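A.B. asks: I would like to see how this sequence folds:
(one chain, ligands or ions: 2)
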Amino acid sequence: MAESRPVLDIVAPFLNEAQSASAFAALLDELEAEVSQRFGMDVHKILVDDGSRDDGAQRFSQALSGSWEIVRLSRNFGKEVAVLAGLDQSRGAMALVMDADLQHSMDTSLKMIAELVENPDIDVVYAQNDRREASWRRSQLAKLFYGLINSSQRFDIPENAGDFRVMRGAVVRALTSLRDKRRFNKGLFAWAGFRQKAMTYSPENRVTGKSKWSRLNLIAFSLEGFTSFSVIPLRIISLSGMLAALAGIIYGAKVFFEVMFYGIAVPGYPSLMVAVVLLGGLNLTLLGLIGEYVWVTLSESKDRPVYIVRDVVRGVSDRPPGASGA
Ligand code: UDP
Ligand code: MG
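C.D. replies: Ligands and ions are numbered 1, 2, ... in the order given. Purely as a prediction, here's the structure:
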């Protein structure tokens with residue numbers, strides 16, 4: 001009977017995805033049938049309603065079958081936290097994290113699961129987006145970001161890898177033991193370590209709804225990554241501050257020398273302006289950056305939970321799990 005079979009938890013956060021509910025539930029059914037047939041695993045679906053304002057949770061609860069639960073958060077906490085809320089419920093031998101907007105295909109999911117099942121030496125298989133960044137400028141920015149963030153630590157955050165991944169239970173427990181409140185999953189996944197393997201894929205186009213990432217969101221997200229995983233920005237700024245000060249000293253010495261020995265009147269104004277503006281700018285930037293770090297420290301030091309659950313809706317299977325379609 002089904003009791004002794006290992007369980008694969010599928011964790012999917014959603015925010016205002018009512019339109020894709022039935023299609024995603026169908027994808028999960030298909031995935032469940034394949035997983036059951038090919039790998040002899042039962043599937044438990046853990047969806048996290050990240051404060052949706054539409055009737056998504058209701059639609060999902062009507063569309064889902066088999067063994068499932070929907071964790072409804074008390075408000076929108078952001079995808080990073082929603083993933084944690086889902087993983088917190090995971091008890092299975094493996095967990096697959098995927099988006100509920102149909103951008104993460106069944107095909108890639110199955111490939112990743114197969115890789116993990118067949119290869120006991122690997123603990124995590126993550127999907128790496130092979131889509132070339134739309135613009136050259138943006139891809140250069142991404143390079144710079146990862147270059148900076150990875151230059152100062154013992155673990156590397158891979159480029160173009162997100163939450164779409166399959167991991168063993170031990171990895172899930174390691175991740176859920178990290179209770180960072182300001183979460184940057186890419187960094188946490190890398191920090192946790194384990195033996196990880198990349199698998200390239202192309203995300204599907206979004207059929208319904210829209211992406212929740214605005215340009216401002218992306219900037220905030222990058223700052224999050226910096227401040228929670230790197231001291232490099234602080235070092236760069238202190239270094240440039242020191243360079244500016246050095247340049248100031250040298251220039252000051254030159255002016256002093258000219259006045260003393262050649263009696264040249266100090267022309268002054270333009271160079272003064274440049275120095276004031278430059279140093280003022282540097283000062284403000286540094287202050288802002290320190291503010292960011294202080295803000296992170298402050299939010300981590302408050303003893304608040306990472307998220308709050310409003311309620312959990314559970315589904316009892318209307319047919320034996322794993323018996324579907326196989
Ligand atoms: N999502 C979420 N909370 C948020 C934002 C997004 O749970 O605050 C979900 C969203 O419903 C989707 C997944 O996270 O299932 C990925 O979001 P999105 O499609 O906006 O990101 P993209 O695919 O553009 O990176
Ligand atoms: Mg998406």
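A.B. asks: ok, residue 146 - contacts?
C.D. replies: For residue 146, the contact set (CB atoms under 8 Å, 6 or more residues apart in numbering) comprises 157, 159. Where you see a C-beta, it was placed from the backbone N, CA and C, and this is true even at glycine.
A.B. asks: So it, which state does it fall into?
C.D. replies: Put simply, residue 146 is helix when judged by DSSP: H, G, I helix; E, B strand; the rest coil.
A.B. asks: quick check, residue 166 in a strand?
C.D. replies: Yes - according to three-state DSSP, residue 166 belongs to a strand.
A.B. asks: Compute the number of surrounding residues for it.
C.D. replies: Here the number of neighbours of residue 166 (other CB atoms under 10 Å) works out to 30.
A.B. asks: The one 10 residues further on too?
C.D. replies: As a burial measure, residue 176 scores 16 neighbours (other CB under 10 Å).
A.B. asks: Could you measure from it over to residue 90?
C.D. replies: For residue 176, the distance to residue 90 equals 8 Å [CB to CB, to the nearest Å].
A.B. asks: can you check residue 187 too?
C.D. replies: Distance, residue 187 to residue 90, by CB to CB: 20 Å.
A.B. asks: Looking at the two, which one has more neighbours?
C.D. replies: When residue 187 and residue 90 are compared on other CB under 10 Å, the one with more neighbours turns out to be residue 90, at 24 against 21.
A.B. asks: mind listing what that one touches?
C.D. replies: Contacts of residue 90 were listed using CB under 8 Å, 6+ apart, and they are 9, 11, 46, 169, 172, 176.
A.B. asks: Kindly recompute the last result at 7 Å.
C.D. replies: By CB atoms under 7 Å, 6 or more residues apart in numbering, the contact set of residue 90 is 9, 11, 46, 172.
A.B. asks: pLDDT score assigned to it?
C.D. replies: Predicted confidence (pLDDT) for residue 90: 96.
A.B. asks: does it sit in a helix, a strand or a coil?
C.D. replies: Assigned state for residue 90: coil (three-state reduction, three-state DSSP).
A.B. asks: ok, it to ligand 1 distance?
C.D. replies: Distance of residue 90 to ligand 1, given as CB to the nearest ligand atom, to the nearest Å: 16 Å.
A.B. asks: mind checking how far that residue is from residue 313?
C.D. replies: Going from residue 90 to residue 313 by CB to CB gives 17 Å.
A.B. asks: next one: residue 49
C.D. replies: For residue 49, the distance to residue 313 under the criterion CB to CB works out to 9 Å.
A.B. asks: With residue 174 instead?
C.D. replies: Counting by CB to CB, the gap between residue 174 and residue 313 amounts to 28 Å.
A.B. asks: pretty sure residue 46 belongs to a strand, no?
C.D. replies: Yes - checked against three-state DSSP, residue 46 lies within a strand.
A.B. asks: That one - how many residues pack around it?
C.D. replies: Counted with other CB under 10 Å, the burial measure for residue 46 works out to 25 neighbours.
A.B. asks: didn't it look like it was pressed against residue 11?
C.D. replies: Yes - taking contacts as CB atoms under 7 Å, residue 46 lies within contact range of residue 11: 4.9 Å.
A.B. asks: Find residues that contact each of those two.
C.D. replies: Both residue 46 and residue 11 are contacted by 86, 90, under the criterion CB under 7 Å, 6+ apart.
A.B. asks: any idea which helix or strand comes after the longest helix that the chain contains?
C.D. replies: With DSSP state H applied, the helix covering the greatest number of residues in the chain is identified as helix 269-301. Beyond helix 269-301 in the direction of the C-terminus, DSSP states H and E gives the next helix or strand as strand 309-315.
A.B. asks: other SSEs contacting that next one?
C.D. replies: Applying 3 or more CB pairs under 7 Å, 6 or more residues apart in numbering; DSSP states H and E, one finds that strand 309-315 makes contact with helix 56-63, strand 67-73.
A.B. asks: so which of these comes closest to residue 196?
C.D. replies: Proximity of the helices and strands packed on strand 309-315 to residue 196 was assessed by CB to CB; the nearest stretch is strand 67-73, lying at 26.0 Å.
A.B. asks: Contacts for that closest one next, please.
C.D. replies: Residues outside strand 67-73 that contact it (CB under 7 Å, 6+ apart) are 44-51, 57, 60-61, 82, 85-86, 89, 307-315, 317, 321.
A.B. asks: Recalculate using a threshold of 8 Å.
C.D. replies: Among residues not part of strand 67-73, those counted as contacts by CB under 8 Å, 6+ apart are 42-51, 57, 60-61, 64, 81-82, 85-86, 89, 307-317, 321.
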